[in-house]
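Colleague: sharing a model that was predicted from the sequence below.
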Amino acid sequence: MKFRSIGAIATCMFLGATLFFSCDSSVGSNNKKENYDSLFLGFHFGMDRKEFFRYCAEMNQKKLFAHGTGATSVQYELKNEFKAPVIMRFYPSFHEEKIYEMPVTFTYEAWAPWNKQYWSDVLLEEMYEQFKIWYGDDFQVINHPNQGKVYAKIDGRRRINLFIRDDQFVQAVFSDMKVITELEKQKEN
């Protein structure tokens, strides 16, 4: 009886995490060209700044989000998806008051310079496996001259780069290529 309860709880947690991270607002649409504007945890490209803060406050009230280090980011804990709890911190970049880029850092909660089993090189491989579940398994590996190994993927307008930032952090950057292209054209003019 106890085993069934644990299995049911684990299944619910897995499904909940999958829904949080893999929701795509274009799924189920009749458009042949997918938009892929969803990011994670209910955030999406084009989300208004005020909506972002309102949503974060709502999730904070539910004790799902907290203030990140120095209150300069949003913090979320991934408690069951990895071999050890992982802290996720993020804060978007806005263009015309709408989200167009979302840098995210991940670190094991137990990270310390002497805990090599919790360094970012270990976490990167765990994150990569989880990202394949959340976003699909067609990531490309790019050997970047500065960032080293980067797992990269483009779906519609959403680009995802996943890489090691330093010994502690793995970083993901979600970019809206439609806005990035527009901003690059503006720079050229």
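Modeller: Done, it's in. Bear in mind the structure is a predicted one, so any value in this text is a computation, not a measurement. Numbering: from 1, shown residues only.
Colleague: give the next helix or strand downstream of the top strand by length along the chain.
Modeller: Secondary structure of the chain per DSSP state E: the longest strand is strand 98-108. Once strand 98-108 ends, the next helix or strand along the chain (criterion: DSSP states H and E) is helix 120-135.
Colleague: what residues of that following helix count as buried?
Modeller: 120, 122, 123, 124, 126, 127, 128, 130, 131, 134, 135 (16 or more other Cβ atoms under 10 Å). For the C-beta atoms, the positions are set from N, CA and C on the backbone; glycine is no exception.
Colleague: so what angle separates the directions of it and strand 98-108?
Modeller: 130 degrees (axes from the mean of the first three to the mean of the last three Cα atoms, to 10 degrees).
Colleague: list the helices and strands helix 120-135 packs on?
Modeller: Judged by 3 or more Cβ pairs under 8 Å, 6 or more residues apart in numbering; DSSP states H and E, the packing partners of helix 120-135 are helix 2-22, strand 98-108, strand 148-155, strand 158-164, strand 170-176.
Colleague: distance between that helix and the chain's centre?
Modeller: 11 Å (Cα atoms, centre = their mean, to the nearest Å).
Colleague: and stretch 86-106, by the same measure?
Modeller: Using Cα atoms, centre = their mean, the offset of stretch 86-106 from its chain centre is 9 Å.
Colleague: of the buried residues of helix 120-135, closest to residue 87?
Modeller: When the buried residues of helix 120-135 are compared for distance to residue 87 (Cβ to Cβ), residue 123 wins out at 10.6 Å.
Colleague: dump the residue contacts of that closest one.
Modeller: With contact taken as Cβ atoms under 8 Å, 6 or more residues apart in numbering, residue 123 is in contact with 82, 86, 106, 107, 108, 170.
Colleague: hey, what's the fourth one bridged with?
Modeller: Meaning residue 107. residue 87 (DSSP bridges).
Colleague: for it, what are its contacts?
Modeller: By Cβ under 8 Å, 6+ apart, residue 107 lies in contact with 86, 87, 120, 123, 168, 169, 170.
Colleague: spatially nearest residue to residue 66 (excluding sequence neighbours)?
Modeller: In this structure, residue 66 finds its nearest non-sequential neighbour in residue 75, 4.6 Å apart by Cβ to Cβ, 6 or more residues apart in numbering.
Colleague: surely the one you found is in contact with residue 63?
Modeller: No - at 11.6 Å, residue 75 does not count as touching residue 63 under the criterion of Cβ atoms under 8 Å.
Colleague: more crowded one of those two?
Modeller: When neighbours are counted by other Cβ atoms under 10 Å, residue 75 and residue 63 differ, and residue 75 comes out ahead with 16 against 7.
Colleague: show me where this protein dips below the pLDDT cut-off.
Modeller: 1-35 (pLDDT under 70).
Colleague: so residue 64, which state does it fall into?
Modeller: Judged by DSSP: H, G, I helix; E, B strand; the rest coil, the three-state class of residue 64 is coil.
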